[in-house]
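Q: Return a 3D structure for these sequence lines:
(2 chains)
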2 protein chains.
Amino acid sequence: MKIGIVGLGLMGGSLGLALKKISKKYNLLGFDHNPSHTRDALRLKLVDAITEDFQDIKACDVIILTVPVDAIISIAQTLTDISGHCTIIDFGSSKEKISNAIPQTVRKNFVTSHPMTGTEKFGPTAAIEALYDEKTMVICDIEKSGDFQKGVALTIFKDINAKIVFMDAKEHDRHAAFISHMPHAVSYALAKSVMGQEDPKSILALAGGGFKDMSRIAKSSPKMWEDIFRQNKTNLLHSLEHFNKELARCQEFIENEQWDELHDWMAEANSLHDIL
Amino acid sequence: MKIGIVGLGLMGGSLGLALKKISKKYNLLGFDHNPSHTRDALRLKLVDAITEDFQDIKACDVIILTVPVDAIISIAQTLTDISGHCTIIDFGSSKEKISNAIPQTVRKNFVTSHPMTGTEKFGPTAAIEALYDEKTMVICDIEKSGDFQKGVALTIFKDINAKIVFMDAKEHDRHAAFISHMPHAVSYALAKSVMGQEDPKSILALAGGGFKDMSRIAKSSPKMWEDIFRQNKTNLLHSLEHFNKELARCQEFIENEQWDELHDWMAEANSLHDIL
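A: Residues are numbered from 1 along each chain as shown, chains lettered A, B, ... in the order given. The predicted model follows:
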């Protein structure tokens, strides 16, 4: 099975490593606009070969789009002439705009998905073989995909040992805002608030595990996250409102020295522990 | 050397494990108001023996206070009759109020410190041997400690392989607000904002590493953090103001679709990477 991976960064590169480890049945062809990415991808053996001709990608059995969300939408428009048996999988972090932007003539070729995994690092050198192992893969609007394509996608996802969750794209975007997009905004703001102080180095000298964990995703790619924030603007602003309301309550309790109320509020947050 | 550990939770228990591993020169006596804590501490061999009589603790060469910050201040008031050669070390997360509340007659006996380490877990069962290994230990207002006590504390801290930083208590509290206390408030608010949604389980089913890292410290002890927030109220509110300002800028960029400005703001947050 010939798989074309478009975008050889953390997500595409890690997928290449995982597929190459699992089975010799996959023949991987890489494509990336950035020449240093394609060089790195070959050197690190993330794919078997590289092409500069997008027609070679179009001729693959499976095309995986692991590029920023705006690029996924642009590329989808150019794929109207692919074979009826081609399966196209995108890994975009926001799903409704992508799902709706896929040209109707090839809508059944697409299985639009979102792997709930990643690191703050990016580029081919960030690729790790176990990125998808036992991680959740959300497949959205599956009723719009062809049965054949659904089967191909599920086989690949099973091969990389992902845990499958089916979800409506609209619902995914609401959930992803709370679980991923808003936390990224919060982490960026946390990093900025420390970096904006007079002597951030002295402050950061005291950083323990808590701060390191909370600021880790503030190192993520601005290009990638700018696109996600744009595509999921409404849900993101909605989830930020909820976050702000909670933080404002906390602040009010502290200002008014309502320590019992603060304690109860924290204990309620602790209940997260029962689920996660 | 006889060391009395008052408070056999994560911090006190981990210190016991570390000291017992390193050298037989330390004889560890534990004290805790909670009978299940003392039982667990003995079973897990966090200390060599337990006492229910606080006079036994007062007779130790070294007393380590690993209890919540308000309790440190109360206990300090009861230690005015200790020997002139006794060294008292507290591990409180806020330092100015503690440093100032130590009775003057025993001020030189105290070495008031803050280990920049921890986990979200608490109680004796949370204790881990390597908790202090290569972690920063901030010693505050060292000029107020006796030379002998300073020497004893530095030996112990060296034995557990901590990295020593000296700092004024006031400055420590300003820095700790940014690096630890405010991030805890943010993490609690993040957890609360998700738990307050209609179906938190469906949302949390999508949680990847980013959310898990950012909500981890929201599982921390409300009792412990209520006290810290109370003691460091002013600095905490000040750091929350800075955080809110940054998050509001992010929100404004998204609302007004100022994507270039958002991109630059994120790229500035990325600069954290150069230091941490």
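Q: Compute the number of surrounding residues for A:Phe91.
A: 22 (other CB atoms under 10 Å in any protein chain shown). In short, each C-beta sits where N, CA and C put it, glycine included.
Q: I meant to write A:Arg39 there.
A: Neighbours of A:Arg39 (other CB under 10 Å): 14.
Q: If you count contacts, what does the strand or helix carrying it end up packed against?
A: For A:Arg39, the host element (DSSP states H and E) is helix A:35-43. Helix A:35-43 makes packing contacts with strand A:27-31, strand A:49-50 when contacts are defined by 3 or more CB pairs under 8 Å, 6 or more residues apart in numbering or on different chains; DSSP states H and E.
Q: The longest one - contacts with which helices or strands?
A: The reference is to strand A:27-31. strand A:2-6, helix A:10-22, helix A:35-43, strand A:49-50, helix A:54-58.
Q: So which residues make contact with the first one?
A: For strand A:2-6, the surrounding residues in contact (CB atoms under 8 Å, 6 or more residues apart in numbering or on different chains) are A:12, A:15-16, A:19, A:26-32, A:46-47, A:51, A:56-67, A:75, A:156.
Q: For it, C-alpha coordinates in CSV please.
A: Taking Å, rounded to 0.1, in the frame of the first residue of the first chain, the C-alpha atoms of strand A:2-6 are listed here in CSV:
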residue,chain,number,x,y,z
LYS,A,2,1.5,3.3,-1.1
ILE,A,3,1.0,6.1,1.4
GLY,A,4,1.8,9.7,0.6
ILE,A,5,2.5,11.9,3.7
VAL,A,6,2.1,15.6,3.0
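Q: That strand: which residues count as buried?
A: For strand A:2-6, a neighbour-count test (16 or more other CB atoms under 10 Å in any protein chain shown) marks A:3-6 as buried.
Q: How about the second one?
A: Residues of helix A:10-22 classed as buried: A:10-20 (neighbour count, 16+ other CB under 10 Å).
Q: Cross-check the residues you listed against chain B and keep the overlap.
A: Among the buried residues of helix A:10-22, not one lies near chain B by CB under 8 Å from any CB of the partner chain.
Q: Pretty sure A:Leu44 is one of the things A:Gly13 touches, is it not?
A: Yes: counting by CB atoms under 8 Å, A:Leu44 is a contact partner of A:Gly13 at 7.1 Å.
Q: mind giving me TSV with the helices and strands packed on strand A:27-31 and columns for mean pLDDT?
A: What follows is those, written out as TSV (pLDDT from 0 to 100):
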stretch	mean pLDDT
strand A:2-6	98
helix A:10-22	95
helix A:35-43	97
strand A:49-50	98
helix A:54-58	98
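Q: what domains does the record give for chain A?
A: A:2-167, A:172-275 (automatic domain parsing).
Q: Lowest-scoring secondary structure element of chain A by mean pLDDT?
A: helix A:272-275 (a mean of 88; mean pLDDT, DSSP states H and E).
Q: does any bit of that one sit next to chain B?
A: Yes: shown here: helix A:272-275 in contact with chain B (CB under 8 Å from any CB) through A:272-273, A:275.
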